[in-house]
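Enquirer: no sequence for this one, just the structure:
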């Protein structure tokens, strides 16, 4: 219950009016002209489109909710970035980011589905990089769905896709920025699309399965560290079954792909897991789980990992929640690795895997903090990693119209050849502008340090960068129906 309360706190409390119907244009040729200019002058046309959104919303009125809704999203961001490529060059620039996207929302008793996708154009004032207006350069697609098949059986499915060009702007996906921007009303500024709302939280992580939680929860550095463009996709499926009023069982599968297009290389991971939970008291539960992971690296030795964990969740009061799990992992080489003709030289490893998290809900704010350790990929750097992370996220409702957030995370990747650290700290303010138009002001500091050079991925030493951006976003329905 506390986690639901935390999510509700992060949503704006003010009521926003939803557009119902838009008056049909009396001059269809005007729309055709807009479409034509969109392809001839992308930047100018998109800015003009955003400027006209306010006029469009003037002719809308509040409507009743429909089970199916198709919506479109738009955003405009102005960013100062003092390390555009997040490397030793320290190239700085002012960047205009224009985002467009579409979203599908379907809600029925027992079924919830959210599908959102978008892209953006990036315009560089100083010319540190060519303007990117190709819809394939920066894009995102997110899916989240929950299906209650029977009163005892439910399924969760999620998918998250992201592609970024060779710059690392405020739309690069990092967990800290996402947390800071989550109150903005549309996509956090860290989403490559910068235009889609967050999907339903449908993780495959069973209670107490520490290894699986870490694989899903660690900061996504796959689109931040490698030089050049990068592509990531993560798919998950979970089934939850209530055996008795006290006993539950969970099984899940997760697939994670990171393709480092320009530098080359690919990380592909498969996770399978199963767990059982026991509700001892209304505020105390115990769980145990097993997970199997197979890591397929194009440029590093492949490996398998097994983990067994036990955990507990404790809620001292409606405002406090403590959860944790601990266990042991075993890794072993798969042998005959194509990337290593002499055979896989990763030695068998055994160690501790686990996590601890504390959530506290206040009258107008919420805080989450924790730490975790487990076996994960290393963003194309050196194959398998024993990764440790500490994180903190704080959200507060400063006023009826103003929300604030601060988040920070530190991750240490311990591999067989190269060790490196990544940290991200972000603070932000978000507020409504008018009707469904929202605004936000954000700051982010990113830092990484490597023990040695990995060609085309990262160099030895420390790199950091600062980002400041202001963002305005809006959304409006294109079609509602009762399917």
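Expert: Received it, and whenever you're ready, just let me know what you need. The shown structure was predicted, so the numbers you read here are calculated from the model rather than taken from an experiment.

Enquirer: For residue 310, which residues are in contact?
Expert: Each residue near residue 310 by CB atoms under 8 Å, 6 or more residues apart in numbering is listed here: 208, 286, 287, 288, 289, 325, 326, 327. To be clear about C-beta, it is placed using only N, CA and C from the backbone, and glycine gets the same treatment.

Enquirer: Tell me what the last one is bridged to.
Expert: Residues found in beta-bridge contact with residue 327 (criterion: DSSP bridges) are residue 309, residue 353.

Enquirer: if I read this right, it contacts residue 351, doesn't it?
Expert: No: under the criterion of CB atoms under 8 Å, residue 327 makes no contact with residue 351, lying 10.2 Å away.

Enquirer: higher neighbour count, those two?
Expert: residue 327 (21 against 13; other CB atoms under 10 Å).

Enquirer: Looks like residue 467 contacts residue 446 (just checking).
Expert: Yes: counting by CB under 8 Å, residue 467 does reach residue 446; the two are 7.5 Å apart.

Enquirer: on that earlier part again, filter the contacts of residue 310 to the buried ones?
Expert: Those of the contacts of residue 310 that meet the buried threshold are 208, 286, 287, 288, 289, 325, 326, 327, by 16 or more other CB atoms under 10 Å.

Enquirer: Would you reformat those as a markdown table and include pLDDT and secondary structure?
Expert: Output for the buried ones among the contacts of residue 310, formatted as a markdown table (pLDDT from 0 to 100; DSSP: H, G, I helix; E, B strand; the rest coil):
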| residue | pLDDT | secondary structure |
| --- | --- | --- |
| 208 | 32 | coil |
| 286 | 98 | strand |
| 287 | 97 | strand |
| 288 | 98 | strand |
| 289 | 97 | strand |
| 325 | 97 | strand |
| 326 | 97 | strand |
| 327 | 97 | strand |
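
Enquirer: ok, the residues you listed vs residue 78, which is closest?
Expert: residue 325 (43.0 Å; CB to CB).

Enquirer: measure the residue nearest to the closest one when sequence neighbours are not counted to residue 361 for me?
Expert: Once flanking residues are discounted, residue 325 sits nearest to residue 311: 2.7 Å by CB to CB, 6 or more residues apart in numbering. Counting by CB to CB, to the nearest Å, the separation of residue 311 from residue 361 is 21 Å.

Enquirer: out of the two, which sits in the busier spot?
Expert: Using other CB under 10 Å as the criterion, residue 311 and residue 361 rank with residue 311 on top: 25 against 21.

Enquirer: Would you mark the buried spots in stretch 433-446?
Expert: 435, 436, 437, 438, 439, 440, 442, 443, 444, 446.

Enquirer: Actually, stretch 275-283.
Expert: In terms of neighbour count (16+ other CB under 10 Å), stretch 275-283 has its buried residues at 275, 276, 277, 278, 279.

Enquirer: so for that stretch, what's the average pLDDT?
Expert: Taken as a whole, stretch 275-283 has an average pLDDT of 97.

Enquirer: which element is residue 234 on?
Expert: Using DSSP states H and E, residue 234 maps to strand 230-242.

Enquirer: can you list the weak-confidence ranges in the stretch 101-250 of the chain?
Expert: Scanning the stretch 101-250 of the chain with the threshold set as pLDDT under 70 gives 171-220.

Enquirer: Alright, I will stop here.
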